[in-house]
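1. please find the sequence and the predicted model below.
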Amino acid sequence: MSVYNHRPIVPPTPSRLIELLDAVKSEFDQLAQEAMVCKSQRDEFEHKMNSQIQEMNLFQQNLIDLERSQQIIKKQYEEEIARLRQQLDQLQHGGAPPPTSNAPMYSGSNAYPQPAPPMLDSKPPAHLAGYPSGPPPPPTSAHLSSAPPPHPTAAGTPYMNGSSPLPTGTPPPQMTSGRGGNESLKPVGPVPTANPPLADFDPENVPANMKVEGQDWFALFNPKAQRYLKVDLLHTFEHGSVVCCVKFSADGRYLAAGCNQATYVYDTVTAVRVAVLQDENAGRDGDLYIRSVSFSPDGKHLATGAEDKQIRIWDIGKKRIRRVLQGHEQDIYSLEFSRDGRILVSGSGDRTARIWDWQDGQCMHVLRIKDMDQKDPGVTSVAISPDGRLVAAGSLDKVVRVWDAVTGQPLERLDGHKDSVYSVAFMPDGKTLISGSLDKTLRMWALGTHDRAYAGDRGKNACKQVFTGHKDFVLSVATTPDGNWIVSGSKDRGVQFWDPRTGQTQFMLQGHKNSVISVATSPGRSPMFATGSGDNRARIWRYESLGP
């Protein structure tokens, strides 16, 4: 007999099986829930990690831009110190005297007393720190290189004619008065000028009703002119490099800002950055400043022109290049779509403007400057008339030229500026042209019939107005959609609104720490204008009528 008593194994009852299955199911559900929580936490960690990587990449890019800017400034200071030491040695050994306080100071290898080129470098260096209280100080050697000189010669070094003031004498004829936007341009007598210019006024001594002040900007209204407008700051966009150009879309909803290596597109209502357009294949070994941008009329495409001689057509929604237009032999300085979107016009330092069928990628006309009486007729700026029939171009040889956009034939040559023309813009009537120059003035030209023969003396009587008041180079001009105002940006850091009928300044705006390189007005219903500057900022401003 066995020592142990064997008990029979009793199988579990159905209720016990159900109980065990429920326990297993409950444990499985708990584990599944914990797994979902872990997955959610993992996804959240991955999202945070990706965001931190993007921020780190942005910080890295900003650091690279700052390092590049620091190297440029360091090089300029070293060249300036070397030049001053050389002048000191010459003075001690009986050589040429150093420049006086009124003489232009500059860096580079050119020895004084040769005239200093107003723009010192083919690439815009970083801005100087600090914001002036009151009117801007006189330009110094550091300021001279603040705006992107957009035009090197074929030899690779910038060439500019020396800046000189307008000759004294009888002022240009005044336009008819009134606030209508479509009045004819008729001389009615001498132009009343603001004396002294608004840039010379001390904002502390201006009556309160003649000035507007913001946190880091102010606007002075001309006490000698009736005040029609008010102005305010809407948005400020910081960048890692100089802002070379700004341009609104046709509906005013977006603003593009061209900088080093990249173009940034912003929503003008929300101030949200909606796109960064950068050609990764262009390489990052050196600078590649985007000198000009232009939206297609439907707002779907953006043309950008840069120092690598290429015009890129971007699909903004897809953030990729749709087409590259090649043919220019030097830097691209200016671009503009026609209002119907059929053609794109470009201007380059290779002495040509070109008319493109941009959708097919074909160059329709090469508008070549053949005049050889100047050392460098490189094209600095182009504009298309509202009806698409005329193309205007400003150039380094002080001349504004007009071509027939359909045939490519030259129509007019407008002489009068005393230094290089940096910007041109059509008035809404399509028969009037505005130009801005390194001679510190703007000029208004009344264009003749489109079928007149080209002649060298056509521009002598075409200038109907000269706008004086900027203290330094006029780098950019624009007109408001209603034709009531002309806007200009200058190396004196100021923006001025001009009345085209009287030649007077409505107001002078100081809102940047460095040269105002680019100005643009919004074609949309909202009255806005934008500024791009050597202080790495693009800003959107609102101007409005004071009412009846």
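-> In hand now; what should we look at?
2. low pLDDT regions in the stretch 351-500 of the chain?
-> Applying pLDDT under 70 to the stretch 351-500 of the chain flags residues 372-375, 449-461.
3. equivalent analysis for the chain, please.
-> Short version for the chain, where the test is pLDDT under 70: 1-12, 90-196, 199-200, 202-203, 283-285, 372-375, 449-461, 548.
4. please redo it, this time with the cut-off set to 50
-> 94-195, 449-457 (pLDDT under 50).
5. pop the domain breakdown of it in here.
-> The chain breaks down into these domains under automatic domain parsing: 18-120, 200-238+469-548.
6. Throw the ones you listed into TSV and include distance to Leu367 and mean neighbour count, thanks.
-> C-beta: built from backbone N, CA, C; applies to glycine. Converted to TSV, the domains of the chain look like this (distance: least, CB to CB, whole Å; neighbours: other CB atoms under 10 Å):
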stretch	distance to Leu367	mean neighbour count
domain 18-120	24	13
domain 200-238+469-548	20	20
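7. tabulate those domains (TSV), appending distance to Ile311.
-> Shown next, in TSV, are the domains of the chain (distance: least, CB to CB, whole Å):
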stretch	distance to Ile311
domain 18-120	23
domain 200-238+469-548	18
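8. and Ala262, how close does it get to Gln330?
-> As judged by CB to CB, to the nearest Å, Ala262 and Gln330 stand 22 Å apart.
9. ditto for Leu31
-> 69 Å.
10. got it, and Lys418?
-> Applying CB to CB to Lys418 and Gln330 gives a distance of 25 Å.
11. what of Ser435?
-> 21 Å.
12. so for these two, which sits in the more crowded spot?
-> Ser435 (27 against 19; other CB atoms under 10 Å).
13. packing partners of the strand or helix carrying Ser518?
-> Per DSSP states H and E, Ser518 falls inside strand 516-521. Contacts defined by 3 or more CB pairs under 8 Å, 6 or more residues apart in numbering; DSSP states H and E place strand 516-521 against strand 245-248, strand 474-479, strand 486-490, strand 494-498, strand 528-533.
14. Val366: which of these is closest?
-> strand 245-248 (23.1 Å; CB to CB).
15. what residues does the closest one touch?
-> Under the contact criterion CB atoms under 8 Å, 6 or more residues apart in numbering, strand 245-248 has outside partners 254-258, 268, 290-295, 517-524, 528, 530-532, 538.
16. wait, isn't Ile540 in contact with Thr268?
-> Yes - Ile540 is within contact range of Thr268, at 5.9 Å (criterion: CB atoms under 8 Å).
17. which residues do those two both contact?
-> 234-235, 255, 528.
18. nearest to Leu277, of those?
-> Out of the shared contacts of Ile540 and Thr268, the member with the shortest distance to Leu277 (by CB to CB) is Leu255, at 13.1 Å.
19. does Glu67 sit in a helix, a strand or a coil?
-> helix (DSSP: H, G, I helix; E, B strand; the rest coil).
20. how near is it to Ile73?
-> 11 Å.
21. swap in Phe218?
-> Noted for Phe218: a distance of 27 Å to Ile73, by CB to CB.
22. what of Val406?
-> Val406 is 48 Å from Ile73, by CB to CB.
23. so what strands line up beside the helix or strand containing Cys363?
-> Under the criterion of DSSP H and E, Cys363 resides in strand 362-368. Strand 362-368 pairs in its sheet with strand 352-357 (antiparallel), by DSSP bridges.
24. what sits up against the strand it pairs with?
-> In contact with strand 352-357 (CB under 8 Å, 6+ apart) are residues 311, 325, 327-328, 342-348, 362-369, 379, 382, 391, 393, 403, 405, 408.
25. could you flag which of these are buried?
-> Buried members of those, counted by 16 or more other CB atoms under 10 Å: 311, 325, 327-328, 342-348, 363-365, 367, 369, 379, 382, 391, 393, 403, 405, 408.
26. which of those fall within strands?
-> 311, 325, 344-348, 363-365, 367, 379, 382, 391, 393, 403 (DSSP state E).
27. quick one: end-to-end distance for stretch 336-344.
-> 6 Å (CA to CA, to the nearest Å).
28. gap between it and the chain center?
-> Relative to its chain's centre, stretch 336-344 lies at 19 Å (CA atoms, centre = their mean, to the nearest Å).
29. phi, psi of the nearest residue in space to Thr468 that is not next to it in sequence?
-> Leaving out its chain neighbours, the residue that sits closest to Thr468 by CB to CB, 6 or more residues apart in numbering is Thr441, at 5.4 Å. Torsion angles at Thr441 (phi, psi; degrees, to the nearest 10) stand at phi -120, psi 160.
30. I'd say Thr441 and Gln465 touch.
-> No - the criterion here is CB under 8 Å, and Thr441 misses it with Gln465 at 10.0 Å.
31. of those two, who's got more company?
-> Gln465 (26 against 21).
32. wait, is that one part of a helix?
-> No - per three-state DSSP, Gln465 lies outside any helix segment and is strand.
33. now tabulate the helices and strands packed on strand 516-521 in JSON lines and tack on distance to Lys224.
-> Below are those laid out as JSON lines (distance: least, CB to CB, whole Å):
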{"stretch": "strand 245-248", "distance to Lys224": "30"}
{"stretch": "strand 474-479", "distance to Lys224": "21"}
{"stretch": "strand 486-490", "distance to Lys224": "18"}
{"stretch": "strand 494-498", "distance to Lys224": "13"}
{"stretch": "strand 528-533", "distance to Lys224": "23"}
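34. can you give me the distance of Ala446 to Val391?
-> Taking CB to CB, one finds Ala446 at 17 Å from Val391.
35. and for Leu234?
-> In terms of CB to CB, Leu234 sits 32 Å off from Val391.
36. could you do Ser518 as well?
-> With CB to CB as the criterion, Ser518 and Val391 are 20 Å apart.
37. ok, Leu411 next?
-> Taking CB to CB, one finds Leu411 at 9 Å from Val391.
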